[in-house]
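Engineer: Fold the following for me, if possible:
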Amino acid sequence: MHAAAGMALASLPPRSDQMPEQQRPEPDVFFSAERTYLAWVRTGVALMGFGFVLARFSLLAHQLRSMGSNPLPEDASDLSRYFGIALVMVGVLTLAAATFSHVRTVRRLNSGEPFVGRPTWVGILVAVLLASVGTLMSLYLLRD
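Structural biologist: The predicted structure is shown next:
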C-alpha cells in the first residue's frame, strides 16, 4: 500500500521550488495570472450586482402598479426579473469558469509544461451569453 502511494506521489509534477532554476517560472508570471483571475472575479461580481438590481426592478414595477401609476407595460416587471436572474447566473458561471481556468493555469506553470497563448474560453462564453441577453432585451424594447 505504501508503494502505491509512493508511486502516486512520484507521478505528481514537481513544485516550482523543486524545479531546476532554468525551468522555474518567474514570479511575474504568477502575478499576471493572479491579476487576470481577479479581473474575472470583478467581472462576475459586477454581472451579479447588475442582475440583482435588474431583478429588483420588478419589485418597483409591482409597487407602482399597486399605486395605480405604472407607466410600464404589464409584463415589464416579469421580464426584468428573468433578465436579472439570467445576468446573475452569467456572473456565477463567470466566477466558476474563471476559478477553474486559474487553477489549471497555475498547475501548468508549476509543472513546467510549455504554456502557449490561446483564446480565453471564459471570455468567449461570457461574451456570447451577454450578447444573447442583450439581444433579447433589445428585441423586447423594440416590440412597441
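Engineer: what's the distance between residue 53 and residue 108?
Structural biologist: Distance of residue 53 to residue 108, given as C-beta to C-beta, to the nearest Å: 37 Å. (Glycine included, C-beta is placed from N, CA and C.)
Engineer: Tell me which of those two has more neighbours.
Structural biologist: Between residue 53 and residue 108, residue 108 has the larger neighbour count (other C-beta atoms under 10 Å), namely 16 against 12.
Engineer: any idea which helix or strand carries the more buried one?
Structural biologist: With secondary structure defined by DSSP states H and E, residue 108 is part of helix 76-111.
Engineer: And residue 126, how close does it get to residue 84?
Structural biologist: Distance from residue 126 to residue 84, by C-beta to C-beta: 17 Å.
Engineer: do the same with residue 52
Structural biologist: Residue 52 is 7 Å from residue 84, by C-beta to C-beta.
Engineer: looking only at pLDDT, what's the mean for the helix holding residue 108?
Structural biologist: What helix 76-111 shows for mean pLDDT is 86.
Engineer: again, but for stretch 42-61
Structural biologist: 86.
Engineer: helix/strand/coil for residue 114?
Structural biologist: coil (DSSP: H, G, I helix; E, B strand; the rest coil).
Engineer: Can you report how many residues neighbour it?
Structural biologist: For residue 114, the count of nearby residues is 6 (other C-beta under 10 Å).
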